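A.B. asks: here is a sequence with its predicted model. Questions after.
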Amino acid sequence: MPLLNRLKEHRARLGVNQQELGRLAGVSRQTISQIERGDYSPSVTLALKLAKICAVRVEDIFTCQEEESHE
């Protein structure tokens, strides 16, 4: 099940770049970039941390895309 995210939108709303968000979350800029591109799914702890930094619920940033059943 692919994990979709709106992290880039929330980061822009905060007015911070990837480097700054990474510093606030205790991860690298590369990690933030990979999450935004959908190349990396964060741990539950990191997802909660990012939501807290953005002052939103985890569900406001991350959603699971349901796979279509082929019946």
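C.D. replies: Received it, and whenever you're ready, just let me know what you need.
A.B. asks: other residues contacting the helix or strand encompassing G22?
C.D. replies: Per DSSP states H and E: G22 is located in helix 18-25. With contacts defined as CB atoms under 8 Å, 6 or more residues apart in numbering, helix 18-25 is touched by 11, 14, 16, 28-33, 36, 46, 49-50, 53. In short, each C-beta sits where N, CA and C put it, glycine included.
A.B. asks: TSV for these, including distance to Q65?
C.D. replies: Formatted as TSV, these follow (distance: CB to CB, whole Å):
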residue	distance to Q65
R11	21
L14	25
V16	26
S28	26
R29	26
Q30	24
T31	21
I32	21
S33	20
E36	16
L46	20
K49	23
L50	19
I53	24
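A.B. asks: I'd assumed L46 was in contact with V27.
C.D. replies: Yes - counting by CB atoms under 8 Å, V27 does reach L46; the two are 6.6 Å apart.
A.B. asks: find me the pLDDT at Q65, would you?
C.D. replies: If you check Q65, the pLDDT there is 80.
A.B. asks: which parts of this protein are strands?
C.D. replies: For the chain, applying DSSP state E gives strands covering 3-5, 62-64.
A.B. asks: S41 is nearest to which of the ones you listed?
C.D. replies: Closest to S41 of the strands of the chain is strand 3-5 (CB to CB; 4.8 Å).
A.B. asks: tell me the buried residues in the top helix by length along the chain?
C.D. replies: As assigned by DSSP state H, the longest helix anywhere in the chain is helix 44-54. Buried residues in helix 44-54, defined by neighbour count with 16 or more other CB atoms under 10 Å: 46-47, 49-51, 54.
A.B. asks: what packs against it?
C.D. replies: Where contact means 3 or more CB pairs under 8 Å, 6 or more residues apart in numbering; DSSP states H and E, helix 44-54 is packed against helix 7-14, helix 18-25, helix 58-61.
A.B. asks: now mean pLDDT and distance to P42 too, for those helices, in JSON lines please.
C.D. replies: Converted to JSON lines, the helices and strands packed on helix 44-54 look like this (pLDDT from 0 to 100; distance: least, CB to CB, whole Å):
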{"stretch": "helix 7-14", "mean pLDDT": "97", "distance to P42": "9"}
{"stretch": "helix 18-25", "mean pLDDT": "98", "distance to P42": "9"}
{"stretch": "helix 58-61", "mean pLDDT": "97", "distance to P42": "10"}
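A.B. asks: alright, calling it a day.
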